[in-house]
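Trainee: Just to be clear, the model below is a prediction. Sequence and coordinates:
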Amino acid sequence: MTLRPRNLILTIVALIGIALLCLGIWLQSFITSTITPAEPQVIEIKSGSSFARIANQLEQAGIVSDARRFTLLARWRDATGKVHAGEYLFQNTANPDEILTRLVAGDIRKFQVTIPEGFNLREIAARLEKTNIGSAETFLALCNDRDFLKDLGINAASLEGYLFPETYTYTSSTTPRQQLRAMVEQLNAQLTPELLKSATALQLNRHQLITLASIIQKEAGNVKEMPLISAVFHNRLKRGIALQADPTVIYGIADFDGNLTRKHLETPTPYNTYRKRGLPPGPIASPGRFALHAAAKPAISKDLYFVARGDGTHEFNTTLRGHNRAVRRYQLRR
């Protein structure tokens, strides 16, 4: 018995419909199924990986149950070429559609690193080394790379003082250059036109502002005293009096052992502000927002001296006699 052409077409259409229905049920059962990893899984998707390879990675890790159906789902969603590289953490119950959405959105694993105020380049490099982004040596080399400095628009010998202290988010694919650039950009965001205008009125350019702010950062025991300490330094600069800031002397000493001696104070270095008047050649650490503002907007004061009380605060004086009395009270007594 021979089927008529019309009946043959109907039969083929019916078979195709049945096949599509079966395929739909097969895919639907996969899409609606959820999987909870037996334990948290970190999957690294490398740049340039084919979607078939990504699907196999996920199947082997127990994130999806079927790599073939996951690939078909991605093709249906037109997402095979939209997956972001990086590390992904899978630990919660999810269906394949939710997993694919994360891959396309680039919901990669993120980490944080905090750079405290007052850290110098070596301390920052040591802290960044713990992120596994790069070694301390790599960071320090970049911080002194003239081409990199030029690319960042920084006219200085190094990035000392230009890496803003803040908490930064990074990923496994972040590079040392990207991390350092982000830190410089944060500093630039703090140096508003208004702040730079205030600094200019005090005869400080951008580099000098950061330099003075770094000294204030290292001298201040608390935020409230920063404008007062700034006023002392500004008053000394105006009168041509040496700043006599211990932190600058310490910065200029190689392998400082923690004990500042009279010999150190008498040793001539570019950073010895006991022997050299004016600001040192550059910053000695990374100043925070309050130190930057204090440097550009000092308190109204005639003080020329301050001495640490030993409790995180300072006593300020306008005369050397009063200062010496405070030194005997708070320093020599200790």
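Mentor: In hand now; what should we look at?
Trainee: What lies in contact with the host helix or strand of Thr211?
Mentor: Following DSSP states H and E, one finds Thr211 within helix 206-219. Contact with helix 206-219 is made by 117-118, 155-156, 160-162, 187, 191, 195-196, 199, 204, 226, 229-230, 233, 243, 245-248, 279-288, 291-292, 294-296, as judged by Cβ atoms under 8 Å, 6 or more residues apart in numbering. C-beta here means a position set from N, CA and C on the backbone, and glycine is covered the same way.
Trainee: Just the buried ones from these?
Mentor: Buried members of the contacts of helix 206-219, scored by 16 or more other Cβ atoms under 10 Å, are 117-118, 156, 160-162, 187, 191, 195, 199, 204, 226, 229-230, 233, 243, 245-248, 279-288, 291-292, 294-296.
Trainee: about what we covered before: next SSE after the helix holding Thr211?
Mentor: Next element after helix 206-219 (DSSP H and E): helix 226-239.
Trainee: So which elements touch whichever helix or strand comes after that following helix?
Mentor: Using DSSP H and E, the helix or strand that follows helix 226-239 towards the C-terminus is helix 246-251. On a contact count with 3 or more Cβ pairs under 8 Å, 6 or more residues apart in numbering; DSSP states H and E, helix 246-251 meets helix 206-219, helix 262-266.
Trainee: Centre of the chain to the shortest one, how far?
Mentor: Just to be clear, that refers to helix 262-266. 36 Å (Cα atoms, centre = their mean, to the nearest Å).
Trainee: right, and the helix or strand after it?
Mentor: helix 289-296.
Trainee: still on that earlier bit, comparing the helices and strands packed on helix 246-251, which yields the minimum mean pLDDT?
Mentor: Per-stretch mean pLDDT for the helices and strands packed on helix 246-251 is lowest at helix 262-266 (a mean of 87).
Trainee: What residues of that one count as buried?
Mentor: In helix 262-266, counting by 16+ other Cβ under 10 Å, buried: His264.
Trainee: could I have it exported to CSV, CA atoms only?
Mentor: The C-alpha trace of helix 262-266 is given here as CSV (Å, rounded to 0.1, in the frame of the first residue of the first chain):
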residue,chain,number,x,y,z
ARG,A,262,70.7,61.4,67.6
LYS,A,263,73.1,60.0,65.0
HIS,A,264,70.2,59.4,62.7
LEU,A,265,69.0,63.0,63.2
GLU,A,266,72.5,64.3,62.3
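Trainee: coming back round to it: among the helices and strands packed on helix 246-251, which is the most enclosed?
Mentor: helix 206-219 (a mean of 24; mean count of other Cβ atoms under 10 Å).
Trainee: Helix 289-296 and that one, what's the angle between them?
Mentor: Orientation check (axes from the mean of the first three to the mean of the last three Cα atoms, to 10 degrees): helix 206-219 against helix 289-296 gives 120 degrees.
Trainee: related to what we said a few turns ago, between the helices and strands packed on helix 246-251, which one is closest to Tyr168.
Mentor: helix 206-219 (18.6 Å; Cβ to Cβ).
Trainee: Ends of stretch 239-259, what's the gap?
Mentor: 30 Å (Cα to Cα, to the nearest Å).
Trainee: Can you give the distance of that stretch from its chain's centre?
Mentor: 28 Å.
Trainee: same deal with stretch 199-215?
Mentor: Distance, centroid of stretch 199-215 to centroid of chain: 23 Å (Cα atoms, centre = their mean).
Trainee: isn't Glu117 right up against Met226?
Mentor: No. Glu117 is beyond contact range of Met226, at 10.8 Å (criterion: Cβ atoms under 8 Å).
Trainee: Leu279 contacts Leu243, correct?
Mentor: Yes. Counting by Cβ under 8 Å, Leu243 is a contact partner of Leu279 at 7.4 Å.
Trainee: shared neighbours of these two, anything?
Mentor: 215, 237.
Trainee: so how far is Tyr88 from Asp107?
Mentor: From Asp107 across to Tyr88, the span is 7 Å (Cβ to Cβ, to the nearest Å).
Trainee: Neighbour count for these two, which is higher?
Mentor: Tyr88 (23 against 14; other Cβ atoms under 10 Å).
Trainee: give the contact list for the residue lying closest to that one once chain neighbours are set aside.
Mentor: Of all residues not flanking Tyr88 in the chain, Ile43 sits nearest, at 5.0 Å (Cβ to Cβ, 6 or more residues apart in numbering). Contact partners of Ile43, counting by Cβ under 8 Å, 6+ apart, are 57-58, 61, 63, 87-88, 90.
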